[in-house]
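**Student:** Please find the sequence and the predicted model below.
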Amino acid sequence: MLPEIHLVAAARPNLPKLAALWHALAEDAPFCRPVLVHTGQHHDAAMFAGHLEDLGLPAPEVALGVTGGGHAGLTGRTLMACAGLWQARRPALVVVAGDVDGTLAAALAARKLGIPVAHLEAGLRCGDRDMPEEINRRAVDAISDLLWAPDHDTAARLLAEGHHAGAVRAVGNSMVDTLLRRLPAARARPLPAGLAPGGFGVLTLHRAANVDGRAALAALLAGVAEAARLLPLAWPLHPRTRLRLDEFGLAMPPGVLPLPPLGYLDFLALLAAARVAATDSGGVQEEAAALGVPCLTLRPSTERPVTLHSGANRLSTAAGLAADLRGVLAGWPPARPIPLWDNAVGARMVAHLRDFLATAVLEAAA
Ligand code: UDP
């Protein structure tokens, strides 16, 4: 019987990352049985199930159904559910992706049971230790056995932190692998009514620091209102942001087209046709860079500095957004391609996995 490898999906941004590995495993000669495990963190059709078909993923074989409850409750209950699963199933390896609470919980559960863990998208650091995602990614990297870094600088940082050279591999950006494979299908999708290619920008916001406080969100909306006078903005609203806008009684500025959370292909179609992206999302910074769409990141720092160095992305602020958008519309110099951001990222992860499992089998036999 082939050893099982469990791929843990907790939230929306995990899915395009895991899809690159899933498809590369399917293309390789079978040496393991991949099992998709859904923790439940994002669980409705708009944020999870609807994305599976767009990404060519099957329905999860295991659905743990852990939802809601704040950071502590969600992390704790996901940890317990994962531990129960893996006590019974004992996979050869668990793959966790990104930096959400379910990523941390699954990594802890597996490692405490002596099951090796691979961290897909290891080594990212924004330097802001108050950001929940930064805490998760540092903790997951600290206990993972395989660390798949999205670029050479990130792999070098992991080595400088003291991680074992055999554990760290610069595999490239899995979001980009998926994007390149799905782009033809996305380009066949129609844009939302009223939008023409190149005639609008895409806005996404969902980070706690930007949307959970009324003052911060109101300041962002003021900046967005000014920017939208220069260029119409399409805004697929994250459920958390929609909730906060309602709770704080904040209105949509003129020139902004609010949209529901989009499916993966519809979002990719929108971004690919946009003149600019303004975002606090990690994945959107990467996707914009891969598509050659200038990106303004509405955060004081980014854990993806490679996008800044390539010239594809700049940090912006609520107060500076309109001026930065003017700069984009005046024309940015072309960005440089980022090494390893290609469609072979899944294959590189599989190669490392194969080496790791072969060594584990030899060690067990010795
Ligand atoms: N995304 C989507 N529909 C949307 C907005 C985003 O499918 O309406 C996808 C997109 O591919 C993006 C990914 O979700 O890169 C990442 O999600 P998000 O911004 O929520 O999380 P982050 O990358 O910041 O962790």
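**Tutor:** Cool, got the structure. Residues are numbered from 1 along each chain as shown.
**Student:** L159 belongs to a helix?
**Tutor:** Yes - according to DSSP: H, G, I helix; E, B strand; the rest coil, L159 belongs to a helix.
**Student:** Quick check: bridge partners of the residue lying closest to it once chain neighbours are set aside?
**Tutor:** Counting by C-beta to C-beta, 6 or more residues apart in numbering, L159 lies nearest to V168, which is 5.7 Å off, once chain neighbours are set aside. In short, each C-beta sits where N, CA and C put it, glycine included. Beta-bridge pairing of V168 under DSSP bridges involves L147.
**Student:** Isn't V168 up against A155?
**Tutor:** Yes - assessed by C-beta atoms under 8 Å, V168 is found in contact with A155 at 5.3 Å.
**Student:** so what sits against both of these two?
**Tutor:** Common neighbours of V168 and A155, counting by C-beta atoms under 8 Å, 6 or more residues apart in numbering, are G123, L147, A149.
**Student:** Excluding chain neighbours, what is closest to the first one?
**Tutor:** Going back to what we said before, that points to G123. In space, G123 is closest to T154, 3.9 Å off (C-beta to C-beta, 6+ apart).
**Student:** The ligand versus the residue nearest to L159, what's the distance?
**Tutor:** Distance, V168 to the ligand, using C-beta to the nearest ligand atom, to the nearest Å: 22 Å.
**Student:** For that residue, give me the pLDDT.
**Tutor:** For V168, the pLDDT comes out at 98.
**Student:** who touches it in this structure?
**Tutor:** A122, G123, L147, A149, A155, L158, L159.
**Student:** if I look at G292, how far off is S310?
**Tutor:** 10 Å (C-beta to C-beta, to the nearest Å).
**Student:** And the two? Which one has more around it.
**Tutor:** Between G292 and S310, S310 has the larger neighbour count (other C-beta atoms under 10 Å), namely 18 against 11.
**Student:** Specify the local secondary structure of the closest residue to V224 other than its chain neighbours.
**Tutor:** In space, V224 comes closest to P253 once its chain neighbours are excluded; the distance is 5.7 Å by C-beta to C-beta, 6+ apart. Secondary structure assignment for P253 (three-state DSSP): coil.
**Student:** returning to that earlier point: redo the shared contacts of V168 and A155 as JSON lines? Include distance to the ligand and neighbour count.
**Tutor:** Listed next are the shared contacts of V168 and A155 as JSON lines, based on distance: C-beta to the nearest ligand atom, whole Å; neighbours: other C-beta atoms under 10 Å:
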{"residue": "G123", "distance to the ligand": "15", "neighbour count": "26"}
{"residue": "L147", "distance to the ligand": "18", "neighbour count": "27"}
{"residue": "A149", "distance to the ligand": "17", "neighbour count": "27"}
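**Student:** so can I have a markdown table of the residues you listed showing pLDDT?
**Tutor:** A markdown table is the format used below for the shared contacts of V168 and A155 (pLDDT from 0 to 100):
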| residue | pLDDT |
| --- | --- |
| G123 | 98 |
| L147 | 98 |
| A149 | 98 |
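**Student:** Which of those lies at the shortest distance from A216?
**Tutor:** G123 (28.2 Å; C-beta to C-beta).
**Student:** Would you mind measuring from whichever residue of the chain sits closest to the ligand to L217?
**Tutor:** Going by C-beta to the nearest ligand atom, the ligand is nearest to G283 of the chain, at 2.5 Å. As judged by C-beta to C-beta, G283 and L217 stand 21 Å apart.
**Student:** how about the strands of the stretch 1-150 of the chain, start to end?
**Tutor:** 4-9, 33-38, 62-63, 93-97, 117-120, 146-149 (DSSP state E, counting those that start in this stretch).
**Student:** Go through those and pick out the most buried.
**Tutor:** strand 93-97 (a mean of 29; mean count of other C-beta atoms under 10 Å).
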